Structure formats: C-alpha cells, structure tokens
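Colleague: Build the 3D model from these lines:
(one chain, ligands or ions: 1)
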Amino acid sequence: MHLSTGILKSSLPAFIFFLLIQTSIAQNRPGAAFSPTDSIKVETLLSQMTLDEKVGQLSLFASGWEVTGPAMNTRYKQLIRDGKVGAILNASTPDYVKKLQKMAVEESRLKIPLLFGYDVIHGYRTIFPIPLGQAASWDLDAIEKADRIAAGEASAEGICWTFAPMVDISRDPRWGRVSEGAGEDPFLGSRIAEARVRGFQGTGYEDGRHILACAKHFAAYGDPMAGRDYNVVDISPASLYEYYLPPYKACVDAGVATVMTSFNEINGMPSTCNSWLLTDLLRKEWGFNGFVVTDWTSINELVEHGVAEDLKSAAELSLNAGVDMDMMGSTFLDYLPGLVKENKVKISDIDRAVRYILRAKIQVGLFDDPYRFCNQQREQSEIMTKESLEFARKLVSESCVLLKNDNRTLPVPQRVRTLAVIGPLGDAKKEMLGNWNAAGDWKNCITLLEGIRNKCKGSVNVSFEKGCNINDKDLSGIEAAVKLAQKADYVILALGESGEMSGEAASRSDIDLPGVQNQLADAVINSGKPTAVVLFNGRPLSISHLEAIAPAILETWFGGTQAGNGITDVLFGDVNPSGKITMSFPRNTGQIPVFYSRKNTGRPFKSDQPDEKYVSRYLDCPVTPLYPFGFGLSYTNFSYSGIKALVKGNEITVSASVTNTGERDGEEIVQLYIQDKVGSITRPLKELKGFKKLLIRKGQTVQVTFTLSADDLSFYHPDLKKYWEPGEFNAFVGGSSATVISATFRL
Ligand code: NOJ
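Modeller: Here you go, the predicted structure:
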C-alpha cells in the first residue's frame, strides 16, 4: 500500500477506510461532483494540515534546466520536503519526475503527491500542427485523437496535467497567440474546445494515459487592444457573452479539470482578481468544480495593473476572488498565512481551494500511486510510434488550406522532371515545430525539402536555394534562387514566418511576409516558371501582394514532426486538400479586425454602388477580407443547389445538395450560417450554426441536412438574458462564409 494511503488508514475508523478502498478512479469522471468517498479523503487530510501546508498546496513552482539536465532550485526542493508545494511545472521524464515526487511522498510530513503540469499544446513528442492549423481541418475526431496521443505520450513521462486547450477566440491576427487557438468563431471554437478536453481527459484517468486539461486563458485574452499581447481588453458585456465566453463554458460542460486565469483585465478588472468572473460566473452560474490556477505570476502583476498596492494585497484579492493555485508567484505561500491571522482571508476560503486541488490529485489517481505517470516501459514503447507518426502526417495534410490555384498549378504535374524548392522555409527543420513544442525535438522534423525528396526519389531532380532569410534585409541570395528557378520545370516557393514569430509575446504590427520575402517572390515568380507558394505561419498573414502575383498558394501553418511529408502529400495530389481557414485573412494590417460575423451598420458598403462615398468603407481597400472565414479550395469543385429551410414547431431543418463537379473525389466542409433579419438589437450578417465534413466522390451529389432548434437562434440581450426572437431568418449553406446559397424561414 502506498504511504499516503497508509497515513489515512491510521487516522480513520475501519469502515471508512473500507469505503476509501472502494473508491476507484473510475468514480472520478471528468467534471463529476465530489463523491462521498473523495470528500472523506479530502476532509481527513484537511483536518491534519497546518495552515502552511494548506497554502503550500495552493502553490505551483517551475523546474529549471542546467547543463547537466533538468534541475530544481534549492529553495523549491526544500519547499517540497516541507509540504509547501502543490504542483510543479516543466518537469518531465520518468526518472526526474519520480525523484521530485519521492521528495513529496517520502519526505514531507503528510506525503501528499505533487501534480506535474506541462504545456502540451499540440503534441508532446510527436508534434502535430499548431492548434490554428488543426482547427483548419474542422475534423473534431482528428483533433481529439491528436490530444489523446499527446496525453498518452506526456503521461508516460510523468506529466498528469496539461495547460491546454487554449480556447481564446480572437479576431486579431496581430496577436501572436492566435496560433494556439481555434480562430475567430465561437461555435466552431466551442466544438473544438470540447473535443480537446475529451482528447486529454478521456472519460477518466483509469488507464494512466489521460491527463487533466486546463481551459485557458479565462477570459477574453484573445481581444487585446491593438493585438498587443497582455494588453487591456475593453469589451461590451454582450460581446463577451456572445463571442468570447462560449468556448470556456463548453470546456466546463465537457468536464475540464482546471481553468487558468488570463493576464488581461476586462473592463478595468484583471481576471486574476475578478470575483464576478471566477466565482459568480465560473463557479455559481456554470457549476465548475475543478480548480482555478493563475497564469505565470499573474497575481504579482496585479500590482503593475494598479489594483493592488503590494504583493500581499494582490494575494488577498486573488484568493478572495476565487483563485485556487498561484503559478510561480509565491504570493499565496508568502502572504496567505499572515492574511488569515489578520482576518483578511478566511480559512474557509483557503480550505475551499485545498479541497479542489486535493480532489484533482485523487481524481487523477496520484493517491493510489504517485508514480503512475512515470512509466519507463511506456516511454520506450508508446512515444512517437509508427501509428502516431502516420496519424500526424495525415493531420498535417488535413490542416493544409489551398488559398489559390490558378490554372490548376497544383498538384505538381506528373511531367515535372526538375523541381526547384526555394525559400527560407524550404529546409527549415527548427521552424517546423512552431511555438510551444513541449518535448518535441526539431531534429525529428521532416522539412518540406525532405518531404519532397522522400516522394521524388529517383523520379524528379530536386534542388534547393534558400533565397533569403526569414526576417532580415539581405537580398544577396535572390540571384541564385532565380537562376535555380530558371533551370527548373516547376518551383515550390516556401515562405512565411519563423516559429517564434507567433505564440506568446509575439505580436506583430505588420503581418505581411517578413524581411525581403516579397522581393524574393517577385523575382522567382517573374522567372515565368509554374510556381506554387507554400506558406508557413502561426497566424493569418496579410499577403495581398503575394496573392496578386502567385499562381498557387498552399497554407500549411507549422505542421510539426511530419510537416514535410504531410505537405508533400497535398502538393503532389496524393491527398486532395480540404482544410478551410478558421480566421479571416486581412488584405492589410489596417483592416484588422476583419471577421465574417460582422454587422451591417446603417450605411453598409454595397458592391452594386461602389462609388458611394458616405458608406462604411475604406478609400484604399475593399471592406471584405482577402480570404474569408471558412474558405479553402480543393483540387475538385463543389456546387451547391436546392437549399430548403423547413420549420416544424421549434425545429428548423435546412437542407441543400452538394455536387462534386470536378474530376476527382474530395472532402468538402459544408457550412451552415444563419442571419436573424430583424432583431430588437442588431444581429450579425452571418453566424455559423453547423458544419459537416463529407467525402463526395467525383460526379456524386449528396443531400446535406442540418437540424436546429429555436434555442440555437437565441442571443444575449442587453440584460444578458439569452433568448430567441420570432421573425424572419436567412439560412445559408456553402463552402465558405462568403460563398453561399440561401433560403428564408419564419419562426
Ligand atoms: C504563460 C502562458 O500564458 C500560459 O499559456 C502557459 O500555460 C504558462 N505560461 C505556463 O507555461
């Protein structure tokens, strides 16, 4: 029997201990309420804990690195032994985690195991496409599976908690963290959020291959002013409820184990001390029963925000607002005991937080076996398996979005014998991982050049020139690139950002191609050779110039370990692209925010009156995005017809026919949008309400049917009540938010 169970045994009557033994992890389904047996365990421990040990449970510290490998600073090691740490971040590998866990369960007084958290954002060792890329697949099963594989790998290396999914909706591609999310739409974002929670947590933790998830960053971190990371968020309550909150709520409904507060303020109140957000909404209204962790030192930052005069009052504000665990700030550890003595913090509120944290530890099975996630044998046999790599390759190709394809430039024609791969992203191993790459090793990544060479072995002569760097002013390589292009039958031009140009603290004020890449593109495309551009980036880019000159553009994001192979499958037509962007691509940075679910205004721009001045428009740029939400081409064509909207009671059925009119089989993501034509308050021109990804054989017509209830048409009113209003609606069905057919119905 494990030591911590032993401690419990000695202090409990036999019949309660019997009850405890009966508690299996199986009872701890994600999102389930406290079971009586959990409560007994927790209350027993709580009754034995000193105040210092309690606040210790509320404290998370990070492990560091030294040249010799992972290392923990001496203060933190002592704190673990003193029972004053609840969780560790950034520790991994079975041996190292075991070593730290041993300190907790063998050397601390109460032997409470530690949680080990890690940023497993898009894979652990097998790295999948960045989340924005995965979202472009609109394939919920595949997204769930990627996180299941990630959880399986991470859990073999000691990790039992991931700081994912990030479910922040964003309409601002200047904000670098859009790479970590699912894009601009709350409906799609919510479905992906649920899928990701299911992927990480499964239906429980019995198999030791699932881990606690964390919905972040609560809330509205995706709407920083001017797209600058960590900046102020100023948002109307209706927008907050309607666009930004739904994916977090979806995570709570899916049973997410933890929620992370965001760095930002919302309308003057930083999330990390926002009692309305953390207690009234999250706990009372939504019924969240996991624990709330801050983001990295975000309690301390309340002083910089100007709502706390010092760290002590910052700790007071946060705990009282509903924060349970302090990430890296040490404010709870340092100040809560004093605050209790001064009656500024109630011991019952500290107990509340301890209960949630202990319960997560019970839930994930650490009290049954604190080393259950340190599994050398699984580490050997279940990490980067052939199946995982094959699946990663498939997900890369599913994430690719064909943005332009004039004259069927793609797929690469079979007659091509000499192929030039040109561009700073053409053979950039390190960049393939994108940002947040957990334990992924860039040396395992397949670059585009490698992928193409794997495919072309013997049949096509493939050469490479970098042409320029990703982000500097050096033009000296362009000449050699042009020479190579001139000698080739076909050019693949790999352009974009570096992996670190998106992600945290990576906002950009101009999101066109960085450096001299547009000049490289001009020069290479001018050579007159058929050219397909392959884009690598962590956000929508404003590539109006490239769009004007390039015959074909394939968006590939950062694909991870199998990037080059998966992209090659699409380039050569082994896979027909089916991805659709989940964030609008602006024409230029000044157009931001540009998103599909906009409202009409009283003076909308009308394309049949292009010269009308006093309308909502720009003098120098159209109002529409370069590529709209939901857009993506295929190597075949789909046509839509026969849309019908029928109402029966409170149920609406919208159906349409989709025909594959091209010459090959293809998958189409069929999208349903709704417009409430007249409301008591203004409504968006279109809102996504459903989607289906279908394989349609060449020449085949399929009938697609969506069923909605009247409640699906409800929206938040100024009093923040959500209900629908009778009247006339438009239903739109199509292959993007811009290309649709419509029908009208009345409810
Ligand atoms: C800060 C980031 O905002 C958050 O997303 C991440 O989980 C933590 N650091 C921990 O690394």
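
Colleague: Centre of the chain to stretch 34-49, how far?
Modeller: Offset of stretch 34-49 from its chain centre (C-alpha atoms, centre = their mean, to the nearest Å): 34 Å.

Colleague: please renumber so the chain begins at 34
Modeller: I'll keep to 34 as the first residue from here, and by that count the last item is stretch 67-82.

Colleague: Show the pLDDT at whichever residue of the chain sits closest to the ligand.
Modeller: For the chain and the ligand, the shortest gap (C-beta to the nearest ligand atom) falls at Phe196, measuring 3.3 Å. Quick note: C-beta positions are derived from backbone N, CA and C, even for glycine. Per-residue confidence (pLDDT) for Phe196: 98.

Colleague: Touching, it and Lys249? I think so.
Modeller: Yes - here Phe196 reaches Lys249: they are 6.3 Å apart, a contact under C-beta atoms under 8 Å.

Colleague: And the contacts of stretch 711-724?
Modeller: 171, 218, 220-221, 271, 629-633, 662-663, 702-710, 739, 741, 745, 748, 750-751, 758, 760-761, 765, 770, 773 (C-beta atoms under 8 Å, 6 or more residues apart in numbering).

Colleague: Same question for stretch 379-392.
Modeller: 67, 71, 74-75, 78-79, 82, 84, 87-88, 90-91, 119-120, 145, 148, 322-325, 352-353, 356-358, 369, 373.

Colleague: Identify the bridge partners of Ser690.
Modeller: Taking DSSP bridges as the rule, Ser690 bridges to Ser674, Gln736.

Colleague: What about it, how many residues nearby?
Modeller: Ser690: 16 surrounding residues under other C-beta atoms under 10 Å.

Colleague: quick one, what contacts it?
Modeller: Ser690 neighbours (C-beta under 8 Å, 6+ apart): 673-675, 734-737.

Colleague: Now list the buried members of those residues.
Modeller: Of the members of those, the ones counted as buried by neighbours, 16 or more other C-beta atoms under 10 Å, are 673, 735, 737.

Colleague: In this structure the last one contacts Leu727, no?
Modeller: Yes - the criterion here is C-beta under 8 Å, and Val737 meets it with Leu727 at 7.0 Å.

Colleague: residues in the stretch 34-183 of the chain within reach of the ligand, list them.
Modeller: Residues of the stretch 34-183 of the chain lying close to the ligand (C-beta under 6 Å from any ligand atom) are 122, 152.

Colleague: hey, where'd the strands end up in the stretch 34-183 of the chain?
Modeller: 92-95, 97-99, 102-104, 120-122, 148-151 (DSSP state E, counting those that start in this stretch).

Colleague: Need the winner for burial among these.
Modeller: strand 148-151 (a mean of 26; mean count of other C-beta atoms under 10 Å).

Colleague: Pairing partners for that strand, with directions?
Modeller: Paired strands of strand 148-151, with direction, are strand 120-122 (parallel), strand 194-195 (parallel) (DSSP bridges).

Colleague: looking at the strands of the stretch 34-183 of the chain, which is closest to Lys419?
Modeller: Counting by C-beta to C-beta, Lys419 lies closest to strand 148-151 out of those; the figure is 24.3 Å.

Colleague: what mean pLDDT does the closest one have?
Modeller: Rounded mean pLDDT across strand 148-151 is 98.

Colleague: Name the surrounding residues that touch it.
Modeller: Contacts with strand 148-151, where a contact means C-beta under 8 Å, 6+ apart, come from 93, 119-125, 130, 133-134, 157, 187, 191-196, 245, 247, 390, 393-394, 397, 399, 406, 471.

Colleague: do that again at 6 Å, thanks
Modeller: The contact list for strand 148-151 (C-beta atoms under 6 Å, 6 or more residues apart in numbering) reads 120-122, 124, 130, 191-194.

Colleague: Which one of these is nearest to Asp152?
Modeller: Looking across the contacts of strand 148-151 and measuring by C-beta to C-beta, the closest to Asp152 is Leu122, at 8.2 Å.

Colleague: Tell me which residues touch that closest one, please.
Modeller: With contacts defined as C-beta under 6 Å, 6+ apart, Leu122 is in contact with 93, 95, 150.

Colleague: With distance to Ala527 added, can I get the residues you listed in CSV?
Modeller: Shown next, in CSV, are these (distance: C-beta to C-beta, whole Å):
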residue, distance to Ala527
Leu93, 40
Ala95, 35
Gly150, 35
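
Colleague: May I ask which helix or strand encompasses the nearest residue to Leu315 once chain neighbours are set aside?
Modeller: Excluding the flanking residues, the one nearest Leu315 by C-beta to C-beta, 6 or more residues apart in numbering is Phe321, at 4.8 Å. Phe321 is part of no helix or strand when elements are defined by DSSP states H and E.

Colleague: And Phe321, how far from Thr291?
Modeller: For Phe321, the distance to Thr291 equals 9 Å [C-beta to C-beta, to the nearest Å].

Colleague: Ok, Met361 next?
Modeller: Met361 sits 15 Å away from Thr291, going by C-beta to C-beta.

Colleague: so which of the contacts of strand 148-151 comes closest to Asp543?
Modeller: Distance to Asp543, by C-beta to C-beta, is smallest for Leu122 among the contacts of strand 148-151, at 33.7 Å.

Colleague: Okay then, goodbye and thanks.
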